[in-house]
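> need a 3D model of the following:
(chains A and B)
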Amino acid sequence: MSVIVTDAGFAPAPDQIFVPLADLANHQGAVDLAHTDDPEVLRGHLGNVALIRIAFPAFNDGRAFTIARRLRMMGYTGQLRAAGPVIADQYAMLRRTGFDAVEIPDDLALRQPAAQWQARADWRAHDYQSRLRA
Amino acid sequence: MYSYSDFDAGFVRARVQQFSGQVARRLDGSLTEDEFRPLRLMNGLYLQLHAYMLRVAIPYGTLSPDQMRQLALIAETWDKGYGHFTTRQNIQFNWPKLQDVPAILAALADVEMHAIQTSGNCVRNVTADHFAGAAADEIEDPRPYAELLRQWSTDHPEFQFLPRKFKIAITGAPNDRAVTRAHDIGLRMHRNAAGEAGFEVMVGGGLGRTPMIAHTTREFLPVADLLPYVEAVLSVYNTLGRRDNKYKARIKITVHETGPVEMTRLIEARFAELRPLFGGADQALLADIRSAFAPPAFRIGPIDAYHAFYTADPTFRSWADTNLAEHRNPDYAILTVSLKAHGETPGDASAAQMRLLADLAEKYGHSDLRISHEQNVILPHVHKSDLPTLHAALMQARLATANIGLISDIIACPGMDYCALATARSIPVAQDIALRFEELKLEHEIGPLKLKISGCINACGHHHVGHIGILGLDRAGVKTTRSPWAVMPPKPPPLVNAPAPVSPTTRSCPPSSVSCAPILPCARPLQRRSSMPTAALVWHPSKPHSIRPKAAKMPLEQPLAPVAERVAELNARYRHHGATAVLERAMTDPQVGRIALVSSFGAESVVLLHLVSVIDRSIPVLVIDTEMLFAETIAYQAEVAARLGLTNVQRVMARRERLNFEDPDGTLHQFSTDACCALRKTEPLEAALGQYDAWITGRKRYQGSARAAVDFFEAEGDLRIKVNPLAHWGREDLEDYMVNNRLPRHPLVAKGYASIGCAPCTTPVKPGEDPRAGRWRGTEKVECGIHFINGRAVRVPKETA
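From the prediction side, this is the model:
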């Protein structure tokens, strides 16, 4: 089981069928990316995909931040979800790099309840990048 | 000088709040220690040897007098009255209490300072030429770009969890005073053919355990492209940088392993994607920033007083000659105030000194102060007529040491006096050297000489880039210091040629007093098979793959059967034989194939060497030279080889390129004994054994339960056969054999070493201790990894090794 975190707080993760990148041809709208996958492979498919979930094997492996940024640069406008044991302190970073939501394991949700994530739901504030990119 | 916008001020305050919240959440268990640690580091708070250490950024090395006074206040209020200026334009407070840290951060925020990203795997404080805005050779003040980079990198959402830390240095002058080529990104301003200013971008430099010079990835980068280009570099690094090994995670390794050409291609491709995202907001901000760095209103006035003092006062003259640099305004000088008074800790400044410097900067230096990576304080704009007064004031505070650029202007890291990583003390070494040269009154005569001292391989003291670099090490529990480029590991002494063995038809043993027939209860008459080459002892000086064994003694008529099959057959055939018989058959049986003996020439190795030598002195004997061996071992190798008449001793070593890359300073063992063993023993041996179908080892059943079933012949995967002729021998058998055959013992045995490996990782054992207790003492490590199972190096428990 896992919990979905958004700016609105916690919600249970809905049942959904994800296919790994290798099985892209058979996707039903949702694709799983590993932190080592090259998002370039998705070019040409982005219009058909509604949800991309990128794995964080550990909170301190930051590769997925760059994958998210690149997907957004490639023009992807669908949902982008981080999945793994990321911590509430990273919520603003995730939102700023283009993620819409975070899927965290239940035990982490217990240890870091919704209030700790919502404390960073103001991720648009104090953001240097938004001042530099325009 | 730049002062915070409302946005900057709001950001820093919010950040202090966030960190206070993180401390509270660590205490209530919301954050685990592993989760809290990077957050703590990103806010500059280290857990050091004796206490917490707070590292405060001094962006591009620039301080106002008010900021300097606040640092003095912090030093007095929450520390022991002093601070330490570092080689990366930071100041460290070494004794704050954890509960005071929020108050310190708030006090810093009051003067527009912070400790954000002074540690952690993120973009660190951007450093710049400490003469920026004053130097005569400057094209443009680099600090506006450094400030732009500071804002861009601060809390950059994509780059807070990089593979490793990331350091950027920038200079606006052709003379590099910012060590740009030793940074992850170095930016050097120059002009193109059209006369426009831009940057040469250098990527992948660094010191530390693998020092590397950065590669130029872009000869000329227009200033407007700075942020997207730097972001492209970081983006590629975040994707490609290694995360499997902390010591191979910096971008210099990424560049090295990817190749500078491919790296440049990837960066340029990413840059092309990123460039359109920067639509000019950054340049508008840069223009604002630039106006904050406008040069001060330089005074116009006579400088006669300066010339008069210079002529009349030799102390002043000496100080002026070393501590002044050329200013872009000829009536001005750049003054470097030495924080290296002889005998003091390099880089330390007391609160009183900080206040005095703040006052003097206000009075005589247009309120501008700089901190250099050389750990001195600079007043960049001093009218020359003020210099005599300034000199007098500095003299009173013991701040007028005339030694800038001389041997006592030493860069030294905090070393073991403060640092948890250090393996040796550096401060006392620096103090002693400075005092010694002061006594000799020699340093002015010697002239410019950069001496750098690091207390460990991480090279915070920049020891790779001085005229003389001193690296502090810990070897086998002994703290030492050495100059890494001057002192290389000793080469084995040239070996005395072994006496040429006489033809076996006339003599069957080397000329020595040693009986050549092994004294064994079941000794069999020895048959010497072939005549042997009379070549002297052969030492192959380097690469394992250059080792060519002799042609197989028995040309194999048919391809060998699978290893497992042959092993089963051999064990069945030799089940009831003794060591000598097994050896002899192993060395001649076509089912075994090409064979070599691997020996460490350790405490008991001579037994097997002797047994082998009486059968065939020309068998390849592989000796792994890790270049870390005891001198006694090397001498013993020569002695034993000569005594036994071994004619084909081959030295197996790691390739020089591998060593230069993986362990350039010979200190890998301090960080990872496993990696060191793999590099220096396991990999070279595996490569050398590639030439053989079988190898002879000294493994014995008595050595422990896991070896209780050791057979004479074992399959090493499908690679080769391992022959253990001593499988059934006990420790007393070995002792008896050595005594009865009057074999020379390893000289360290008499000194209490029961098992002998490399010098740094071997210590003597006490009576009653496990014989191998002295190997890798104090660590979990018990086995070098030479023993393979199924072709792969495995670790086995100490008592069985």
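> C-alpha only now, for contacts and for neighbours.
Noted.
> can you tell if stretch B:225-237 touches chain A?
Yes - counting by C-alpha under 8 Å from any C-alpha of the partner chain, chain A is contacted by stretch B:225-237 at B:S235.
> put the alpha carbons of that stretch into PDB.
Written as PDB, here are the backbone C-alpha positions of stretch B:225-237 (Å, rounded to 0.1, in the frame of the first residue of the first chain):
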ATOM      1  CA  ASP B 225      24.700  31.800 -21.700                       C
ATOM      2  CA  LEU B 226      26.300  31.300 -18.300                       C
ATOM      3  CA  LEU B 227      23.300  29.900 -16.400                       C
ATOM      4  CA  PRO B 228      21.900  27.500 -19.100                       C
ATOM      5  CA  TYR B 229      25.400  26.200 -19.700                       C
ATOM      6  CA  VAL B 230      26.300  25.600 -16.100                       C
ATOM      7  CA  GLU B 231      22.900  24.000 -15.600                       C
ATOM      8  CA  ALA B 232      23.600  21.700 -18.600                       C
ATOM      9  CA  VAL B 233      26.800  20.600 -17.000                       C
ATOM     10  CA  LEU B 234      25.000  19.800 -13.700                       C
ATOM     11  CA  SER B 235      22.200  18.100 -15.500                       C
ATOM     12  CA  VAL B 236      24.500  15.700 -17.400                       C
ATOM     13  CA  TYR B 237      26.500  15.100 -14.200                       C
END
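> what lies in contact with that stretch?
A:66, B:149, B:152, B:159, B:251, B:254, B:266-268, B:270-271, B:274-275, B:278 (C-alpha atoms under 8 Å, 6 or more residues apart in numbering or on different chains).
> now do the helix or strand hosting B:M53: distance to the chain's middle.
Using DSSP states H and E, B:M53 sits within strand B:52-57. When distances are taken as C-alpha atoms, centre = their mean, to the nearest Å, strand B:52-57 is centred 23 Å away from the chain's centroid.
> give me the mean pLDDT for that strand.
Averaged across strand B:52-57, the pLDDT comes to 94.
> helices or strands next to the helix or strand following that strand in the packing?
Helices and strands here follow DSSP H and E; after strand B:52-57, the next one along the chain is strand B:62-63. Under the contact criterion of 3 or more C-alpha pairs under 8 Å, 6 or more residues apart in numbering or on different chains; DSSP states H and E, strand B:62-63 touches strand B:369-371.
> ok so, going back, biggest separation within the contacts of stretch B:225-237, which pair?
Within these, B:T254 and B:F278 form the most distant pair, 26.4 Å apart (C-alpha to C-alpha).
> okay, those two: which has more neighbours?
Taking other C-alpha atoms under 10 Å in any protein chain shown, B:T254 and B:F278 do not tie; B:T254 has more neighbours (19 against 16).
> so that one, which of the three states?
Three-state assignment for B:T254 (DSSP: H, G, I helix; E, B strand; the rest coil): helix.
> so who does the spatially most central residue of chain B touch?
What sits nearest the mean C-alpha location of chain B, by C-alpha atoms, centre = their mean, is B:R209, with 1.9 Å. Going by C-alpha under 8 Å, 6+ apart, B:R209 touches B:247, B:457-459, B:663-665.
> and of those residues, the nearest to B:R191?
B:A459 (32.8 Å).
> that closest one sits in which helix or strand?
Here B:A459 is assigned to no helix or strand, by DSSP H and E.
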